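Novice: Requesting a structural model of the entry that follows:
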Amino acid sequence: MGDRIKEVRTTRKMTQVEFGEAINIANYQISRYEHGKDEVSIFVVMRICETFDIAIEELLHNLYTEEAHASTQ
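Specialist: Okay, here's the model as predicted:
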């Protein structure tokens, strides 16, 4: 999930600080999400989708397939 968040952020050419401000989350927490140190709650996922007008399916696209593939390696 952290890779997806980073992709949304970098596609919009935003820093972690700017991204955090946009969704009302501290920038250090954005860093923790992006590096996989913290789990992302469904509420944060929804906030990202609402703020950036992204369908939740788009944000989560292939997420489970990628995680399953990574765990088998």
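Novice: you'd agree residue 44 is up against residue 26?
Specialist: No. At 11.7 Å, residue 44 does not count as touching residue 26 under the criterion of CB atoms under 8 Å. All C-beta atoms are positioned from the backbone trio N, CA, C, and that covers glycine.
Novice: Give me the more crowded residue out of those two.
Specialist: residue 44 (19 against 12; other CB atoms under 10 Å).
Novice: In stretch 1-14, which residues are buried?
Specialist: 1, 2, 4, 5, 6, 8, 9, 14 (16 or more other CB atoms under 10 Å).
Novice: residues touching the fifth one, list them.
Specialist: Yep, that's residue 6 we're talking about. residue 34 (CB atoms under 8 Å, 6 or more residues apart in numbering).
Novice: Could you check how far residue 41 is from residue 1?
Specialist: Distance of residue 41 to residue 1, given as CB to CB, to the nearest Å: 10 Å.
Novice: And for residue 47?
Specialist: From residue 47 to residue 1 the distance is 14 Å (CB to CB).
Novice: All the helices of the chain, residue numbers only.
Specialist: Assigned by DSSP state H, the helices in the chain fall at 2-11, 16-23, 27-34, 42-52, 56-60, 63-71.
Novice: TSV for those, including mean pLDDT?
Specialist: TSV is the format used below for these (pLDDT from 0 to 100):
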stretch	mean pLDDT
helix 2-11	93
helix 16-23	97
helix 27-34	95
helix 42-52	95
helix 56-60	88
helix 63-71	55
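Novice: Can you give me every residue that contacts residue 38?
Specialist: Residues in contact with residue 38, defined by CB under 8 Å, 6+ apart, are 29, 32.
Novice: What pLDDT is listed against it?
Specialist: Per-residue confidence (pLDDT) for residue 38: 96.
Novice: Phi first, then psi, for it.
Specialist: As for residue 38, its main-chain torsions (degrees, to the nearest 10) stand at phi -130, psi 150.
Novice: hang on, the earlier thing: farthest-separated two in the buried residues of stretch 1-14?
Specialist: 1 and 14 (17.4 Å; CB to CB).
Novice: shared neighbours of residue 47 and residue 1, anything?
Specialist: Residues touching both residue 47 and residue 1 by CB under 8 Å, 6+ apart: none at all.
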